[in-house]
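Peer 1: here is my input, please return the structure:
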Amino acid sequence: QVQLVESGGGLVQAGGSLRLSCAASVRTFSNYAMGWFRQAPGKEREFVASINWNGGDTSYADSVKGRFTISRDNAKNTAYLQMNSLKFEDTAVYYCAARPFALSLRSDAYAYWGQGTQVTVST
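Peer 2: Numbers count the residues shown, from 1 in each chain. As a prediction, this is how the structure comes out:
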């Protein structure tokens, strides 16, 4: 069983930065790939970024490439999403998710989800 808790969301002006954290309560965090997804009002949940179990492989949605960075600290059981150059269209609830070992871009590949953290970007 994996429990995930996101933090770090908030209100930021366009062009600003935020760092989201996802703290995992699990015996062996390094057994899991982590993903970040987001859902804006009236839209479907979409993939943002993913990282494999040891951080050696990452993947990003085209919309965030070059602006967002996913990382993890297995010693702290925590994954991160550094978000720079934020745009109004990045406004959404951001969710972290976990699945065994290999990263995936598909939300249905992840069995464990956090409760989400709101990110609001003002113009």
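Peer 1: and residue 87, what does it touch?
Peer 2: 14, 121 (CB atoms under 8 Å, 6 or more residues apart in numbering). C-beta: built from backbone N, CA, C; applies to glycine.
Peer 1: hang on, isn't residue 77 packed against residue 22?
Peer 2: No: using CB atoms under 8 Å, residue 77 is not in contact with residue 22, being 9.3 Å away.
Peer 1: higher neighbour count, those two?
Peer 2: Set residue 77 next to residue 22 and count neighbours by other CB atoms under 10 Å: residue 22 wins out with 26 against 19.
Peer 1: right, and the more buried one touches residue 113 too?
Peer 2: No: using CB under 8 Å, residue 22 makes no contact with residue 113, being 10.2 Å away.
Peer 1: quick check: neighbours shared by the two?
Peer 2: Taking CB under 8 Å, 6+ apart as the criterion, residue 22 and residue 113 both touch 4, 96.
Peer 1: can you give me the strands for the protein?
Peer 2: 3-7, 10-13, 18-25, 32-39, 46-51, 58-60, 68-73, 78-83, 92-100, 112-113, 117-122 (DSSP state E).
Peer 1: which one is residue 43 nearest to, not counting chain neighbours?
Peer 2: The shortest distance from residue 43 to any non-neighbouring residue, by CB to CB, 6 or more residues apart in numbering, is to residue 92 (7.9 Å).
Peer 1: just to revisit the earlier point, could you dump the strands of the chain into JSON lines with distance to residue 106 added?
Peer 2: Output for these, formatted as JSON lines (distance: least, CB to CB, whole Å):
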{"stretch": "strand 3-7", "distance to residue 106": "17"}
{"stretch": "strand 10-13", "distance to residue 106": "28"}
{"stretch": "strand 18-25", "distance to residue 106": "18"}
{"stretch": "strand 32-39", "distance to residue 106": "9"}
{"stretch": "strand 46-51", "distance to residue 106": "8"}
{"stretch": "strand 58-60", "distance to residue 106": "11"}
{"stretch": "strand 68-73", "distance to residue 106": "16"}
{"stretch": "strand 78-83", "distance to residue 106": "18"}
{"stretch": "strand 92-100", "distance to residue 106": "9"}
{"stretch": "strand 112-113", "distance to residue 106": "13"}
{"stretch": "strand 117-122", "distance to residue 106": "21"}
